[in-house]
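S.K.: the following comprises the amino acid sequence and a computationally predicted model.
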Amino acid sequence: MAINLQVAQVLQTWEPTQFRKTKDEDGIDLPPGTIRVRTGDTGGGGAENYAFPADPNRMPIPLYGEQVLILNQPDGKATGRGQDKFYYIATVNTHGSVNNGVLPFLQDATTAGSVKTPTAIVATGQGQLPRQWSWKEYDTVYIQPFQGDINIPDRFGSILRFSSTHLASEVVPYLKKPFWTGTKKGDPIVSLTCGVDDARKGKSTDKYYAIEDPMKDRSYIYLTSSQKFNKFKLPQTKLGKKVEPLNKYNKPQVIIGSDRLIFSARKDEIVLVSEKDVKIATPAWQTDMDEFFTQMLKLIEEVIKQNKNLEAAHNEIGKVAQSNATSIHPTGVGPSGPPTNAGSFIASKGKSTANASTTKSIRSKIEKIKSVIKEMKQ
């Protein structure tokens, strides 16, 4: 079956079909991603048709006035031959820009230099495209590609990059060098960057290519195999014992960065599992979790021992106080009797008993903590 490709101009996106459920003029539901296009030569005005995304799993939403490639193929709901419809597959790179491919009214007929009035289905007035909604034009800079890459950039300065290690010893005329290094040629690396800073600002040393920069980009995820990162400064310099810095570590790792990270397990646990240790670094603390809990368990065991000695001391003090309160003391002028400060001894006895009880209660709580930590120990 021959495939006839055409270039068509986008007349409508959000209204009526892209972002809400809509029907065509005959009351038939239009699938998500449907656009309105005009086909034909520049002098004849062309014909207007709906065009549907050829791949429903990937819908590159075009802008008003952009050019798209369309093909004519059978309609899956058709009841007979000849009932075809248009499908769009790609946007034409008219300006060499990832942000803007608009060529307003390229398909419109012109009369005496004025733009033909759009048809009723467009209804935008003389020579006016419908307003763009979430998109705005800005001076974008290309994100540097490397040989063999599969890159998916967007209009807004973000990119999903499937790349590999490129050896520094190789003389390759890249305007921007990779932001990673390595010694094993061809080792894969995947990076997802939201908001490449230089691409967003339209700034680059050579005013043509930008490159990801973990120190400036808004958010990123790097999946590596053997790459190292030389330009990488973490918020904390002390990360715990025996932590290899990113400019030396050359084993597989995942790096996630942004101004804030939130991990939300709505129905189950967040599980952190490590072969060696879990490190936590804050402005005031650098914690090696394995050593921390090991030392904490030892401290708790010592505290429990001292707590038992303290309870025994309180009990012993209580016995002494009780004995002194009831002992008989002879006097030089009269019969023997209890000491005159027996009340103080009785009070000491009560305090000792209370302190012994409190000490035992504290030990009970500490022993529960010990039990929990021991269960944590592998």
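M.R.: Thanks, I have it. Numbers count the residues shown, from 1 in each chain.

S.K.: mind listing the helices for this protein?
M.R.: 197-201, 289-326, 342-376 (DSSP state H).

S.K.: gap between the two ends of stretch 228-241?
M.R.: Separation of the first and last residues of stretch 228-241 by CA to CA, to the nearest Å is 20 Å.

S.K.: what mean pLDDT does stretch 197-215 have?
M.R.: Averaging pLDDT along stretch 197-215 yields 78.

S.K.: what do you get for stretch 67-75?
M.R.: So the average pLDDT for stretch 67-75 ends up being 86.

S.K.: can you tell me the closest non-neighbouring residue to Thr181?
M.R.: Using CB to CB, 6 or more residues apart in numbering and skipping the chain neighbours, the partner closest in space to Thr181 is Lys228 (5.2 Å). The way it works is simple: take the backbone N, C-alpha and C, and place the C-beta from them, glycine included.

S.K.: list the contacts for the one you found?
M.R.: Counting by CB atoms under 8 Å, 6 or more residues apart in numbering, Lys228 makes contact with 180-182, 246-250.

S.K.: contacting residues around the nearest residue to Ala356 once chain neighbours are set aside?
M.R.: Among residues not flanking Ala356 along the chain, His314 sits closest, at 3.7 Å (CB to CB, 6+ apart). Counting by CB under 8 Å, 6+ apart, His314 touches 352-353, 355-356, 359.

S.K.: how far away from the center of its chain is stretch 244-252?
M.R.: 21 Å (CA atoms, centre = their mean, to the nearest Å).

S.K.: sort out which residues of it are buried, please.
M.R.: Residues 246, 250 are the ones in stretch 244-252 that count as buried (16 or more other CB atoms under 10 Å).

S.K.: distance between the ends of it?
M.R.: Distance between the two ends of stretch 244-252: 13 Å, counting by CA to CA.

S.K.: now that stretch: mean pLDDT?
M.R.: Mean predicted lDDT for stretch 244-252 stands at 91.

S.K.: same check, this time on stretch 346-364
M.R.: On average, stretch 346-364 scores 82.

S.K.: and for stretch 153-162?
M.R.: 90.

S.K.: same question, stretch 284-297
M.R.: Averaged across stretch 284-297, the pLDDT comes to 82.

S.K.: show me which residues of it are buried.
M.R.: Neighbour-count burial for stretch 284-297, counted by 16+ other CB under 10 Å, picks out 286-288, 290.

S.K.: export the contacts of His314 to JSON lines and tack on neighbour count?
M.R.: Listed next are those as JSON lines, based on neighbours: other CB atoms under 10 Å:
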{"residue": "Ser352", "neighbour count": "20"}
{"residue": "Thr353", "neighbour count": "16"}
{"residue": "Asn355", "neighbour count": "17"}
{"residue": "Ala356", "neighbour count": "19"}
{"residue": "Thr359", "neighbour count": "20"}
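
S.K.: and which of those is nearest Lys298?
M.R.: Using CB to CB, Thr359 comes nearest to Lys298 of the contacts of His314, at 20.7 Å.

S.K.: related to what we said a few turns ago, what's the pLDDT at the residue nearest to Ala356?
M.R.: pLDDT, His314: 76.

S.K.: repeat for Lys374
M.R.: 79.

S.K.: touching, it and Lys298? I think so.
M.R.: No - with contact defined as CB atoms under 8 Å, Lys374 does not count as touching Lys298 (11.6 Å).

S.K.: shared neighbours of the two, which are they?
M.R.: With contacts taken as CB under 8 Å, 6+ apart, Lys374 and Lys298 have no neighbour in common.

S.K.: which residues touch Ile189?
M.R.: Counting by CB under 8 Å, 6+ apart, Ile189 touches 161, 163-165, 180, 222-225, 227.

S.K.: highest neighbour count among the residues you listed?
M.R.: Ranked by the number of neighbours (other CB atoms under 10 Å), the contacts of Ile189 place Gln227 first, at 28 neighbours.

S.K.: quick check: the gap between it and Gln253.
M.R.: Applying CB to CB, to the nearest Å, the value for Gln227 to Gln253 is 9 Å.

S.K.: so what's the residue count around Pro53?
M.R.: Neighbour count for Pro53, taken as other CB under 10 Å: 18.

S.K.: quick one: residues contacting it.
M.R.: Counted by CB under 8 Å, 6+ apart, Pro53 has contacts 31-34, 59, 87-88.

S.K.: and for Gln6?
M.R.: With CB under 8 Å, 6+ apart, Gln6 has these contacts: 39, 69-72.

S.K.: selecting buried members of those in PyMOL, what would you type?
M.R.: A single PyMOL command selects the buried members of the contacts of Gln6 (16+ other CB under 10 Å):
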select buried, resi 39+69+70
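
S.K.: from the contacts of Gln6, which land in strands?
M.R.: Using DSSP state E, the members of the contacts of Gln6 that fall within strands are 39, 69-72.

S.K.: using a markdown table, please lay out those residues together with distance to Val320.
M.R.: Below are the ones in strands among the contacts of Gln6 laid out as a markdown table (distance: CB to CB, whole Å):
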| residue | distance to Val320 |
| --- | --- |
| Thr39 | 107 |
| Leu69 | 99 |
| Ile70 | 101 |
| Leu71 | 102 |
| Asn72 | 106 |
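
S.K.: nearest to Met215 among these?
M.R.: Within those, the smallest distance to Met215 is 39.1 Å, found for Leu69 (CB to CB).

S.K.: the closest one contacts Tyr87, correct?
M.R.: No - Leu69 is not in contact with Tyr87 according to CB under 8 Å; the separation is 9.5 Å.

S.K.: rebuild the contacts of His314 as a markdown table, extending it with distance to Leu310.
M.R.: Below are these laid out as a markdown table (distance: CB to CB, whole Å):
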| residue | distance to Leu310 |
| --- | --- |
| Ser352 | 11 |
| Thr353 | 14 |
| Asn355 | 8 |
| Ala356 | 8 |
| Thr359 | 5 |
